[in-house]
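*Asks:* task: produce atomic coordinates for the following.
(chains A, B, C and D)
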Number of protein chains: 4
Amino acid sequence: MADFFHTPVDPFPITNGCSVSELVKRMEGTSFQARNLATGVDIWARMLEGETTIFFGLAGAMVPAGMRRIMVYLIQNRLIDCLVSTGANLFHDLHETLGKRHWKGSPHMDDVELGRARVNRIYDVVASEDEYIEMDEFITAFSNGLDSGRPYTTREYFRLLGEELARRSSEEGILTAAAKAGVPIYSPAIADSVYGMAVAAGRAKGQNRLMFDLVQDVIETTMIAVKAKSSGVVYVGGGTPKNFIQQTEVCAYILGEEPRGHEYAVQITMDSPQWGGLSGCTFEEAQSWRKIAPHAKMVTINSDATIALPIIVSALAEREKLVRCRKRPVLPFE
Amino acid sequence: MADFFHTPVDPFPITNGCSVSELVKRMEGTSFQARNLATGVDIWARMLEGETTIFFGLAGAMVPAGMRRIMVYLIQNRLIDCLVSTGANLFHDLHETLGKRHWKGSPHMDDVELGRARVNRIYDVVASEDEYIEMDEFITAFSNGLDSGRPYTTREYFRLLGEELARRSSEEGILTAAAKAGVPIYSPAIADSVYGMAVAAGRAKGQNRLMFDLVQDVIETTMIAVKAKSSGVVYVGGGTPKNFIQQTEVCAYILGEEPRGHEYAVQITMDSPQWGGLSGCTFEEAQSWRKIAPHAKMVTINSDATIALPIIVSALAEREKLVRCRKRPVLPFE
Amino acid sequence: MADFFHTPVDPFPITNGCSVSELVKRMEGTSFQARNLATGVDIWARMLEGETTIFFGLAGAMVPAGMRRIMVYLIQNRLIDCLVSTGANLFHDLHETLGKRHWKGSPHMDDVELGRARVNRIYDVVASEDEYIEMDEFITAFSNGLDSGRPYTTREYFRLLGEELARRSSEEGILTAAAKAGVPIYSPAIADSVYGMAVAAGRAKGQNRLMFDLVQDVIETTMIAVKAKSSGVVYVGGGTPKNFIQQTEVCAYILGEEPRGHEYAVQITMDSPQWGGLSGCTFEEAQSWRKIAPHAKMVTINSDATIALPIIVSALAEREKLVRCRKRPVLPFE
Amino acid sequence: MADFFHTPVDPFPITNGCSVSELVKRMEGTSFQARNLATGVDIWARMLEGETTIFFGLAGAMVPAGMRRIMVYLIQNRLIDCLVSTGANLFHDLHETLGKRHWKGSPHMDDVELGRARVNRIYDVVASEDEYIEMDEFITAFSNGLDSGRPYTTREYFRLLGEELARRSSEEGILTAAAKAGVPIYSPAIADSVYGMAVAAGRAKGQNRLMFDLVQDVIETTMIAVKAKSSGVVYVGGGTPKNFIQQTEVCAYILGEEPRGHEYAVQITMDSPQWGGLSGCTFEEAQSWRKIAPHAKMVTINSDATIALPIIVSALAEREKLVRCRKRPVLPFE
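*Replies:* Numbers count the residues shown, from 1 in each chain, chains lettered A, B, ... in the order given. Predicted structure coming up:
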């Protein structure tokens, strides 16, 4: 019986004054999702210690939620190596880089009235529709200016956009930081966002013939995984970012490579496995597909990302040496 | 005070023998999600009575979950006019149309062992990885055969694929039925699925230069909404299908049209608004964006789709006259 | 590999006309929660076939939700043998038995305004506070009339109340049906409901000295489980009803008996295991406590009960022979 | 339009070194559940600043989850005035006070094997069944020793038990700290826990005739609310603790008092309103019952409590002056 009793639960102590990394350390002694949160920090730290290529999948309205500077920190300090994002987060990032804001609202507002006032709501955040439209037009103009003799991967598109934004604004955002740091950004569902709509607006007026080469995105992300000494994943939410990163291991096989599966895996999600979708599925399930390696270090943190992500990244930031001394992997498409 | 008391809750009666449409009618008298389920049937029926163009967004592993014949029924009887789907559902459909099966499993299986045996798990369903690979190769070969001098919308791609499948198999599926019925299928995140990987495999070997023209998909779906007398939406899950259909109303505005917002809206989801994502957001929130009309009939059904969808569609099917006499809207891209 | 592929998923077919038991049979061929729903019907049917004592745990506002007549059906036809319920459901039952109603409302109503108008809301249901108060007074009067020289088990209390209600009303409810059918009702948190408050009101005025003997409730429910040839459980929601029935197997051990664990187990819940609470825990976890037998037939159905319960009971009701020919177990406290 | 744009979302900054109260302050600038978490700290702080009587409802397996020392801190520093708890948490507290431990496990353990080894699992925690039984016997013996000529409120019972434990152990727990600090503990579903079973074991052997007087608990908690200058509530989970505290305002009315509704309200829950139960209902809904005052400060934090509670209490602890200088309300039943 004693076999089952190795490590006691160590109740969380309250003290006057506690840093975030101490908070996480105390949570490691507890149970349920707090322990998972601490495990997430530990697994991410292990990725940074080894020569692991870290994919980061970003879904959900994380920029309006105030997570943008965290993403900038992760990119600048290279705690992630490749970002796969919904288009929306990259649009909201551009919006803020160009000086616009998101505003605090409430889920109880009168939406029909908001609609009349051209105020768009995202749960407890509001934004000006007119400013959004202004940004749309900026994207249309930018996209019209691209040489359309050939298709663009989303990586190329967002690097060029990041460079353009960096010329126009001193406010650092996801796109500008990634362009500077050489962190590639992919957005497999780019058409399913303002980017798709803004390019469509230009095309409808005969101003551009821009094409996104998503198939090349598939090949590139797969090769990033294949060329990595080892690979790890961090997912905020599910959706296309999670699936797109998970499928690199399947695609590697299809392309005739010998995938090993991602060896580190952290996901922060409020979705659940019992509905059968990819967004909520466990990393165990992913092992049956060999997307995740048999002996991978992995954890699912069931928490709203606005709570878990700031804690995890703040805790990592306190481990200064870990951050400063990371040996950054070289990517094939930098 | 009497002002608040109009319609009593009418407790659900148990009788020996009750049809599904009677079940739904009885649920209408109750509360919570059962009442919402009944409201969903009612709103969908209203869409069928008017000349409403019905968009259907399909996310989640609905084909492995056994929802494929329901989708075929919806298409054949034209209870939906335009399908937006994840790539996965369209891949699993092809798998079954070509004679392969999904199998009952359990969420408690040993996934590392499954991985070793090349058995892929989707919650409580398993499939043969070798058969999946065989299907991948079929898609690569099909895609290689397409004229690659120009890009394809996903609508064109899936119509051609549906026609090809119909030549090869007598088993009716989503793709074949849609090709025959002229129901367009869009898949905005097609690269984020086996389709993307299979085309990538061909390209990596120099066999095809196929491109998907997602920007044109944006324009087409927007024009379908714009040209409709009125539009309605039915969402199973969230993800790109929901957002892609929702954004038609925003895109219409960007393209210089005068969008009215979708006038009927039903979503079946287990996601929730409080995480702030688009998948779980309310239709009320969508009204602030004018994606949904101010006076729209709308309901959110919080239920696993495998329970709600069979009931809703079975209940509609019992209303034979409604189904048979529907005046089908003409789409601009049939 | 073939070892993993025994039973194919059988897609749900749509036909014009389908009974609820046919619906469930079709769901059995599918996956995710629909398959679990069908399994729930199957397990309950097995309980009815054998000589199994069936405990039913009822939590959540199921009477306002319109589930009252289903409960009456279950009791009258003796598809359950012992009911453990929150006090609220038994109060709402009394409310309706005495001719009052619950009314359809909406979750979007202005609650401060409702409060001012003395209208109480339960999600999308409203009720008259004045009528509720009238019922409180009825309970106070009834309780004052009980001989208070000795404490009452909740079983005795609700049987006497059911008999009193049957004398006053021809409307059949949970309490009246249970009193007639000899189905004992326990309510371990009775003080945490209007019953507790109504008795308190009488005591505060010196009108009664009624005591509830909850410890005897513990002994009785344990003995019901101990004396059963085999026992099964059906839970709608979690809370005290689930725990109280689960603990009978632990208590049996403490009382020096040899518990076998419940051999059949069905729960309908929207709670999840990852928060660590008893309400959402799996039946597997319960096996570590030996509350559930090692080889028990068990299933968790993740669905709002207002959807799942009407379907399950309607499906059972169609199996007329099963219902009519059930060999009812004899309880020690009837 | 400008009317809607008052306070911009202020993205969370990452710095090297950040205390928990700084973490919370930064979260206040963000959105979704992180903002709610910060609001929770703010509302609790306001309760401490005024002369508010603070009720705390504790549900879920919070002691095995490592939350016990947090509860001790809250009691010792009198950040709460009245605790309403499930019996289980008070049993697990006694277990640890008497020197036993809970141990780290995993949700993936083999429960049938655990059952055979007499190891009880609570999600990712395990405990020794034999030790639990030993504690049961301690409670039986303690309960047998009580004068059983009269019934006990749960407040009296747990105060006496806390005093007894303090004599036996130097380990400070919830029960001992509360007995010393004069913080009353109520447990409305005490019979639905080991306490009920342990007392039942004694009674079954003729060793005690102990009765719990839950009706008096109702009266006492109501009077605590009635006599308060103002009252506030903090709920971890739902269940009987939440309902029992909420109903004090209804019971006050029934007892002929003039309730004002709780004026501050914080709940940490993973339940949701759409299932209609009391555990997941909003404080807005509670306003229709006048359990919550019309102008109350209130917030719902959708987070696992193991994450939210340590953060909130650590943040409060940093506000030393707030903690030290609180003017403690006098309770009628201390």
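*Asks:* is stretch A:296-307 in proximity to chain B?
*Replies:* Yes - using C-beta under 8 Å from any C-beta of the partner chain, stretch A:296-307 reaches chain B at A:304-306. Where C-beta positions appear, they are placed from N, C-alpha and C, glycine not excepted.
*Asks:* regarding chain A, what is its longest helix?
*Replies:* helix A:32-49 (DSSP state H).
*Asks:* mind checking how far the spatially most central residue of chain A is from A:Ala308?
*Replies:* Against the mean C-alpha coordinate of chain A, by C-alpha atoms, centre = their mean, the closest residue is A:Leu58 at 2.5 Å. Using C-beta to C-beta, to the nearest Å, we find A:Leu58 at a distance of 14 Å from A:Ala308.
*Asks:* re the thing from before, out of the residues of stretch A:296-307 next to chain B, flag the one nearest to D:Lys100.
*Replies:* Among the residues of stretch A:296-307 next to chain B, A:Asp304 lies closest to D:Lys100 (C-beta to C-beta), at 34.1 Å.
*Asks:* circling back to that earlier point, and the residue nearest to the centre of chain A, what does it touch?
*Replies:* With contacts defined as C-beta atoms under 8 Å, 6 or more residues apart in numbering or on different chains, the neighbours of A:Leu58 are A:71, A:83-86, A:89, A:236-237, A:241.
*Asks:* give me the pLDDT for it.
*Replies:* Note on A:Leu58: pLDDT of 98.
*Asks:* give me the nearest residue to it, chain neighbours excluded.
*Replies:* A:Ser85 (4.3 Å; C-beta to C-beta, 6 or more residues apart in numbering or on different chains).
*Asks:* burial count for A:Lys104?
*Replies:* For A:Lys104, the neighbour count with other C-beta atoms under 10 Å in any protein chain shown is 21.
*Asks:* how much space between it and D:Thr7?
*Replies:* Taken as C-beta to C-beta, the span from A:Lys104 to D:Thr7 is 4 Å.
*Asks:* which parts of the stretch 1-150 of chain A sit against chain C?
*Replies:* A:31-33.
*Asks:* and which of these is nearest D:Pro273?
*Replies:* A:Gln33 (21.0 Å).
*Asks:* where's the closest one relative to B:Met197, distance?
*Replies:* 34 Å.
*Asks:* what does A:Pro8 give?
*Replies:* 47 Å.
*Asks:* and those two? which has more neighbours close in?
*Replies:* Taking neighbours as other C-beta under 10 Å, A:Pro8 and B:Met197 compare with B:Met197 leading, 27 against 15.
*Asks:* which strands or helices does the helix or strand where that one lies pack on?
*Replies:* Using DSSP states H and E, B:Met197 maps to helix B:194-204. Taking 3 or more C-beta pairs under 8 Å, 6 or more residues apart in numbering or on different chains; DSSP states H and E as contact, the helices and strands that helix B:194-204 lies on are helix A:214-227, helix A:239-254, helix B:87-97, helix B:129-144.
*Asks:* wasn't A:Gln267 part of a strand?
*Replies:* Yes - counting by DSSP: H, G, I helix; E, B strand; the rest coil, A:Gln267 is located in a strand.
*Asks:* contact partners for it?
*Replies:* A:233-235, A:238, A:242, A:283, A:299-301.
*Asks:* same check, this time on A:Asp81
*Replies:* A:53-55, A:183, A:224, A:328-329, A:331.
*Asks:* for A:Cys325, same thing?
*Replies:* With C-beta under 8 Å, 6+ apart, A:Cys325 has no contacts at all.
*Asks:* confidence score at it?
*Replies:* 91.
*Asks:* kindly report the same for A:Ala200.
*Replies:* For A:Ala200, the model assigns a pLDDT of 97.
*Asks:* ok, how many other residues are close to it?
*Replies:* A:Ala200: 27 neighbours (other C-beta under 10 Å).
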